[in-house]
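Q: my questions concern the predicted model and sequence given below.
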Amino acid sequence: MASPKTHSTLRKYHRWLGFFLAGIIAVYSTSGTLLIFRKTELLKYDQQEQRQLAPELSAKNLGKELGIKEFDVLAQNDVSITFKQGQYNKTTGLATVIRTDYHPILQQLVNLHKATTNSPLYWLNISFALSLLFFVVSAFLCFYRKLNYLKTALK
């Protein structure tokens with residue numbers, strides 16, 4: 001069993017780290033909530049983009065060039081291809097695409113939450129996860145085992 005000094009030290013570190021991580025926890029909870037609704041239009045707005053592509057692209061190649069995952073052609077004729085997200089002019093090669101995305105600040109929060117090893121921010125994610133693991137362990141070690149309120153809480 002740990003000494004009272006150990007319990008006091010753990011409580012102190014738990015409190016200090018908690019104050020430091022309160023802002024990061026708020027950021028991650030906000031971006032995590034946004035990721036839950038990523039397939040919906042919640043807090044997203046339309047952004048129109050015009051891209052100059054090669055003329056006379058087929059519908060299959062057009063989807064690859066634009067980088068649209070769920071590319072679906074609605075109508076096609078000799079002059080243009082109309083798809084779910086916009087339109088492509090075959091003669092000029094001009095594609096007008098309407099994308100729905102978050103405001104740039106919210107997009108940065110989402111990108112922070114989804115950081116992979118290709119991003120320099122993944123060290124922040126790892127350190128945050130280790131800090132939360134410390135919270136879990138220290139929460140159980142902060143209290144004296146023999147105190148009445150702890151025994152009552154565990155029943």
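A: On my side now, so go ahead.
Q: next up, the contacts around the closest residue to F135 other than its chain neighbours.
A: Spatial nearest neighbour of F135, excluding adjacent residues (C-beta to C-beta, 6 or more residues apart in numbering): H14 at 6.8 Å. In short, each C-beta sits where N, CA and C put it, glycine included. For H14, the contact set (C-beta atoms under 8 Å, 6 or more residues apart in numbering) comprises F134, F135, S138, A139, C142.
Q: again, 7 Å this time
A: Applying C-beta atoms under 7 Å, 6 or more residues apart in numbering, we find H14 in contact with F135, S138, A139, C142.
Q: wait, doesn't Q76 sit right on A59?
A: Yes. Using C-beta atoms under 7 Å, Q76 is in contact with A59, at 6.2 Å.
Q: what pLDDT is listed against F20?
A: Note on F20: pLDDT of 85.
Q: that one belongs to a helix?
A: Yes. Under DSSP: H, G, I helix; E, B strand; the rest coil, F20 sits within a helix.
Q: quick test: name the residue nearest the centre of the protein.
A: Centroid-nearest residue in the chain: V110, 3.1 Å away (criterion: C-alpha atoms, centre = their mean).
Q: can you say which helix or strand has it in it?
A: helix 104-113 (DSSP states H and E).
Q: after that helix, which helix or strand is next? Please name it.
A: Going down the chain from helix 104-113, the next helix or strand is helix 122-141, by DSSP H and E.
Q: output that next one as CSV, nothing but the C-alphas.
A: Provided in CSV are the C-alpha atoms of helix 122-141 (Å, rounded to 0.1, in the frame of the first residue of the first chain):
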residue,chain,number,x,y,z
TYR,A,122,0.5,12.7,-34.4
TRP,A,123,3.0,13.2,-31.5
LEU,A,124,0.4,15.5,-29.9
ASN,A,125,-2.2,12.7,-30.2
ILE,A,126,0.1,10.1,-28.7
SER,A,127,1.1,12.4,-25.8
PHE,A,128,-2.6,13.2,-25.2
ALA,A,129,-3.5,9.5,-25.1
LEU,A,130,-0.7,8.8,-22.7
SER,A,131,-1.9,11.7,-20.5
LEU,A,132,-5.4,10.3,-20.4
LEU,A,133,-4.0,6.9,-19.5
PHE,A,134,-2.2,8.6,-16.6
PHE,A,135,-5.5,10.1,-15.5
VAL,A,136,-7.2,6.7,-15.4
VAL,A,137,-4.4,5.1,-13.4
SER,A,138,-3.9,8.0,-11.0
ALA,A,139,-7.6,8.4,-10.4
PHE,A,140,-7.6,5.0,-8.7
LEU,A,141,-4.4,5.7,-6.8
